[in-house]
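*Asks:* need a structure here:
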Amino acid sequence: MHGGRRHASAFTLVEIMLAAGLLAFATAGIIACFVAALKVYSSTKARQALAGEASLALTVMGDDVRFASGVGVPAGGYALEFTTSRYDGADRPYRYMLYSAANPPPNPPFTAESYSLIMVPVPTPSVPPDYSAARVIARNVGPPTPATPIFSLMSTPTPPPPPTPSRAPGPPLVGVQMTFAGDGESYTIRTDMGPRN
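*Replies:* Predicted coordinates:
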């Protein structure tokens, strides 16, 4: 018996090359999607960290300003001074300011890329400033520009005149504007706060 030729089923070289190309194209697409998702995650995580730091700084400063018996903005808006008895029971002046060992006070000019927002007792002629004992409120604060100081002092609007003798305007409001920066991201905050009394 003379047998017929058997045809083995197999893929041709063209079919194998086409399948390999499609697989490579699909793999590249999946890797691109994964890399994009990773970038979004990193960016979101960095912004979330900056937002958390900004929120904490505003909370601490807001509490101090609310309970202050007096507030002021010296040095062209690059510091916030307030008087409070919250820390040791005695009315003492404190200052919020930017600090960097690479660009130590007095500031401006601000030449460092990143600063810490610190709180220190206001120095007097007999007591020099001790920045090593400062309370660090936030890190990664970007330098201000002359056009955008960190702190500003505004008067609150006078309340409408009552039927009795006129009232004095309320306590001043402190405007705050800071930019937090890190890992290629930035987060800017702007708010107003004022003392309760």
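*Asks:* mind checking pLDDT for residue 171?
*Replies:* On pLDDT, residue 171 comes in at 67.
*Asks:* kindly report the same for residue 3.
*Replies:* Per the predicted model, pLDDT is 59 at residue 3.
*Asks:* my guess is residue 186 meets residue 140, correct?
*Replies:* No. Using CB atoms under 8 Å, residue 186 makes no contact with residue 140, being 9.4 Å away. To be clear about C-beta, it is placed using only N, CA and C from the backbone, and glycine gets the same treatment.
*Asks:* more crowded one of the two?
*Replies:* residue 140 (21 against 14; other CB atoms under 10 Å).
*Asks:* rewinding a little: now for residue 186 and residue 140: what residues contact both?
*Replies:* Shared contacts of residue 186 and residue 140, defined by CB atoms under 8 Å, 6 or more residues apart in numbering, comprise 50, 180.
*Asks:* after the host helix or strand of residue 25, which helix or strand is next?
*Replies:* Using DSSP states H and E, residue 25 sits in helix 13-66. As assigned by DSSP H and E, the chain's next helix or strand after helix 13-66 is strand 70-72.
*Asks:* model confidence over that next one, on average?
*Replies:* Here the average pLDDT along strand 70-72 is 86.
*Asks:* cool, stretch 90-98 as well?
*Replies:* Averaged across stretch 90-98, the pLDDT comes to 87.
*Asks:* what about that stretch, distance to the chain center?
*Replies:* Distance, stretch centre to chain centre, for stretch 90-98: 21 Å (CA atoms, centre = their mean, to the nearest Å).
*Asks:* could you check that stretch and say which residues are buried?
*Replies:* Counting neighbours by 16 or more other CB atoms under 10 Å, one finds that the buried residues in stretch 90-98 are 93-98.
*Asks:* so which of those residues are in strands?
*Replies:* 93-98 (DSSP state E).
*Asks:* make sure residue 189 is indeed in a strand.
*Replies:* Yes. Residue 189 forms part of a strand when assessed by DSSP: H, G, I helix; E, B strand; the rest coil.
*Asks:* quick check: closest non-adjacent residue to it.
*Replies:* Sequence neighbours aside, residue 54 is the residue nearest to residue 189 in space, at 4.7 Å (criterion: CB to CB, 6 or more residues apart in numbering).
*Asks:* where does the protein have low pLDDT?
*Replies:* 1-8, 75, 155-171, 197 (pLDDT under 70).
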